[in-house]
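>>> Sequence isn't available, so here's the structure alone:
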């Protein structure tokens, strides 16, 4: 007795045009065109059963049809619906488990037929309808759905998403459903399933959601316990990070500038960051999560090994939460027949069944998510507001107390470097270290709060260095609130230096460590900061890695060159130390080879040497300076004009406007520094003429100077509208930005008789200075 659920005339029409062998194609056609059947209720049950026997659909279409019939507003037997879902769930969960364990990439119909059939016959759309129906019904007629029914719907939706192409994307296009899901997170028993599904949907959503559209967001966040808040950070990370297109062309400064011109006002990610900061107590709770200590018991000496083994099959912190949740539920069920004391004891025993290493891993993964969110907020437009909060809530001293016990318990195996928004498949322990180092980098970069990374004794040491050098004490050091700094025998910066020196030669962590330490030195050059690090052997360590270990990683080398540049800039003691370490011609040649192997990576160090040489030469004690320059191989090498010209030629030659990125634009600025210093000495025409001569000798007349002219035109467009970038240029070079602008204007002067104009050194036959940036 198989009756169609739709109107009789429609069912008979469908039965005439839908044959058993073409049901699936017709459903697919109906979904995309709107013509023909679009859901299982429009197909006679007899046809479904006939085709099911042949195609081996495991009765899924029939179950979906029953679910449809029993979930309609006039016949909503939710208890019966739940029973049907219990039949469907195992058929789909088996495929989902296979997908996860076999690392299935690219869901295929042939590999996961059950989830595919469930979706084709309208199962996904039906579950969305069932979940959202209470929001559509009048207040008085709302029928409360059981938590188990909601959990089953969410689990089936998730399993279908991961096994069937296009389902997640389709759900992401329903903004009403995405926002509705957040309302389900208020229930602790459905939180995990909801959070997992939201995370997957937002990961493919084309347009970022706006957090302010989430109903009662402030109350929602306030309702979360600390575990839920940490998992919520996984979702937040998608909403506050700028979308990464994955297209290298979009990463060029030319493309970014064009996008900024099109954009009207702040991006959605920036708006979402503001929304989060306006939630009372949000940052304070994140700081508490980030610095929460892990309760440890004996017998966890093999922690790291266990950690790696568990991670091979545990996907994320939500899985661990599910295990803890199961333990809690079992306790809840038994609590009705036990006394309060017995219930507490049972809960403790259940939780103790989980390996201790899993509990630690659980905490580590929480901290990864929280640190990521804090790091993104630190890099946003509200940076100063975030800085003030992180300092007030003692994030840095809290992390300092966790450093040895959790963050850097042991040196990890090597890993592959990832960009800020790239998907990371590292183990939780490695991810924690990376996020920790990124946070330190963002926290210290060009901000006076960097001194919170020190303890009281180390701050006193900075003051003493300034006193002995007879220079004014750094104002930020004097103004640092000592109630907010690190406690204990060592500050966080010192601990970082210690692990940095012990890091294996081949470790990619060297990149992140060097970046974090370099950020402490960035900004206006501080002699005291430099000497603090020099006294701890940092310069010798860097030179050992560059020269003696002959580091091959371009990323690590770049970070070391940048750090070395900040460490040595304008510091004559640092150059003496350099010369003491690089005490043979062989060592010096290895060092030069490393610099010359990639100027994109080493140009910041070249800039530091040129600037320092100019500073030393202008000092009053000419005899002392001349002695240092003659004795320091590095300064002596750079004092030869032909060597500066060689660097200048190559710096201009390796970049073009179309290929400029945030990574290589420093080459343009370094070439400008060389020419600005030449201008100060009245030698700018000489340098330009030398570039022209180099062009002719290379048999490419006009190529270099035309390219440089275009680069400088772009420089004006890029920097004259960016306050932050111009401030960074001024701070890093100690050259007023007005002098940068004047020099560029001189070089771009249209008068072909002007001695400092690039156009004066290009023959008319080879001139193409008016070429549009967008042209190849």
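That came through fine. Please read these numbers as outputs of a predicted model, since none were measured by experiment.
>>> What are the contacting residues of stretch 629-641?
When contacts are defined by CB atoms under 8 Å, 6 or more residues apart in numbering, stretch 629-641 is touched by residues 575-576, 578-579, 582, 588, 592, 609-610, 612-613, 616-617, 628, 643-644. Placement of C-beta: from N, CA and C, glycine included.
>>> Residue 198 against residue 180, yeah?
No. Using CB atoms under 8 Å as the test, residue 198 is too far from residue 180 to be in contact (10.4 Å).
>>> The two: which has the busier surroundings?
Comparing residue 198 with residue 180 by other CB atoms under 10 Å, the one with more neighbours is residue 198, at 23 against 17.
>>> what helix or strand is that one on?
Element membership of residue 198 [criterion: DSSP states H and E] is helix 191-204.
>>> try residue 471
Short version, using DSSP H and E: residue 471 is in no helix or strand.
>>> separation between the residue nearest to it when sequence neighbours are not counted and residue 608?
Using CB to CB, 6 or more residues apart in numbering and skipping the chain neighbours, the partner closest in space to residue 471 is residue 527 (6.2 Å). From residue 527 across to residue 608, the span is 14 Å (CB to CB, to the nearest Å).
>>> who's more crowded, those two?
Counted by other CB under 10 Å, residue 527 and residue 608 do not tie: residue 608 has more neighbours, with 26 against 19.
>>> Let me see the contact set for that one.
564-566, 568-569.
>>> next one: residue 377
Per CB under 8 Å, 6+ apart, neighbours of residue 377: 240, 273, 276-277, 283, 386.
>>> and of those residues, the nearest to residue 659?
Residue 659 lies nearest to residue 240 out of the contacts of residue 377, by CB to CB, at 29.6 Å.
>>> I figured the closest one hits residue 274, correct?
No. The criterion here is CB under 8 Å, and residue 240 misses it with residue 274 at 9.8 Å.
>>> With neighbour numbers in mind, choose between the two.
Taking other CB under 10 Å, residue 240 and residue 274 do not tie; residue 240 has more neighbours (23 against 17).
>>> Before we move on, what's the pLDDT of the more buried one?
pLDDT recorded at residue 240 is 95.
>>> swap in residue 271?
At residue 271, pLDDT is 95.
>>> The one helix or strand it maps to packs against which elements?
In this assignment (DSSP H and E), residue 271 forms part of helix 268-277. If you count contacts as 3 or more CB pairs under 8 Å, 6 or more residues apart in numbering; DSSP states H and E, helix 268-277 packs onto helix 226-240, helix 356-378.
>>> Any buried residues in the helix or strand following that helix, and which?
Note on helix 268-277: by DSSP H and E, the next helix or strand toward the C-terminus is helix 282-291. Using 16 or more other CB atoms under 10 Å as the test for burial, helix 282-291 gives 282-283, 285-291.
>>> Can you add distance to residue 186 and pLDDT and give these back as TSV?
Formatted as TSV, these follow (distance: CB to CB, whole Å; pLDDT from 0 to 100):
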residue	distance to residue 186	pLDDT
282	17	97
283	22	97
285	17	96
286	20	97
287	24	96
288	21	95
289	20	93
290	24	94
291	27	94
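>>> Between the residues you listed, which sits nearest residue 755?
Using CB to CB, the buried residues of helix 282-291 come closest to residue 755 at residue 283, 56.3 Å.
>>> now the helix or strand in which residue 95 is found, how far from the chain's geometric center?
Here residue 95, judged by DSSP H and E, is contained in helix 78-101. The chain centroid and the centroid of helix 78-101 are separated by 35 Å under CA atoms, centre = their mean, to the nearest Å.
>>> Tell me which residues of it come out buried.
Applying 16+ other CB under 10 Å to helix 78-101 flags 78, 81-82, 84-85, 88-89, 91-93, 95-96, 99 as buried.
>>> among these, which one has the lowest pLDDT?
Minimum pLDDT across these falls on residue 99, with 74.
>>> Residue 645 in helix, strand or coil?
helix (DSSP: H, G, I helix; E, B strand; the rest coil).
>>> how deep is it tucked in, by neighbour count?
Neighbours around residue 645, by other CB under 10 Å: 18.
>>> That one against residue 697, yeah?
No. Using CB under 8 Å, residue 645 is not in contact with residue 697; the gap is 11.9 Å.
>>> for the helices and strands packed on helix 268-277, which one sits closest to residue 451?
Taking the helices and strands packed on helix 268-277 one by one with CB to CB, helix 356-378 is closest: 16.2 Å.
>>> Quick check: mean pLDDT of that closest one?
Rounded mean pLDDT across helix 356-378 is 84.
>>> And stretch 730-743, by the same measure?
pLDDT averaged over stretch 730-743 gives 94.
>>> Check stretch 560-571 too.
The model assigns stretch 560-571 a mean pLDDT of 97.
>>> Now do that stretch: everything it contacts.
Contacts for stretch 560-571 (CB under 8 Å, 6+ apart): 510, 514-515, 517-518, 521-522, 525, 527, 530-531, 533-534, 538-539, 542-543, 545-546, 551, 574-575, 578, 595, 601-602, 604-605, 607-609, 611-612, 615, 734.
>>> Filter the residues you listed down to the buried ones and hand me the ChimeraX line.
The following ChimeraX line selects those of the contacts of stretch 560-571 that are buried, judged by 16+ other CB under 10 Å:
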select :510,514,515,517,518,521,522,525,527,530,531,533,534,538,539,542,543,545,546,551,574,575,578,595,601,602,604,605,607,608,609,611,612,615
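>>> Residue 664 contacts residue 655, correct?
Yes. Judged on CB under 8 Å, residue 664 makes contact with residue 655 at a distance of 5.5 Å.
>>> helix or strand for the closest residue to residue 582 other than its chain neighbours, which one?
Closest residue in space to residue 582, ignoring its immediate chain neighbours: residue 588 at 5.2 Å, by CB to CB, 6+ apart. Secondary-structure assignment from DSSP H and E places residue 588 in helix 585-597.
>>> Identify each buried residue in stretch 584-601, please.
Buried, per 16+ other CB under 10 Å, within stretch 584-601: 587-588, 591-592, 594-595, 599-601.
>>> repeat for stretch 736-747
Result for stretch 736-747 [16+ other CB under 10 Å]: buried residues 737, 740, 743-744, 746-747.
>>> Over to stretch 128-135?
For stretch 128-135, by 16+ other CB under 10 Å, it's 128-131, 133.
>>> gap between the helix or strand containing residue 219 and the chain center?
Using DSSP H and E, residue 219 sits in helix 217-223. Between the centre of helix 217-223 and the centre of its chain there are 25 Å (CA atoms, centre = their mean).
>>> For residue 729, which residues are in contact?
669, 719, 735, 737, 740.
>>> Of those residues, which pair is most distant in space?
So, those by CB to CB: farthest apart are 719 and 735, at 13.3 Å.
>>> Identify the farthest-apart pair in the buried residues of helix 78-101.
78 and 99 (29.3 Å).
>>> circling back: could you save the contacts of residue 729 as a markdown table and add columns showing secondary structure?
Output for those, formatted as a markdown table (three-state DSSP):
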| residue | secondary structure |
| --- | --- |
| 669 | helix |
| 719 | helix |
| 735 | coil |
| 737 | helix |
| 740 | helix |
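>>> Look at residue 687 and give its secondary structure.
helix.
>>> Quick check: closest non-adjacent residue to it.
Nearest to residue 687 is residue 678, by CB to CB, 6+ apart, at 4.6 Å.
>>> Quick one: distance of the helix or strand where the one you found lies to the chain centre.
Assigned by DSSP H and E, residue 678 belongs to helix 665-680. Its chain's C-alpha centre and that of helix 665-680 lie 32 Å apart, by CA atoms, centre = their mean.
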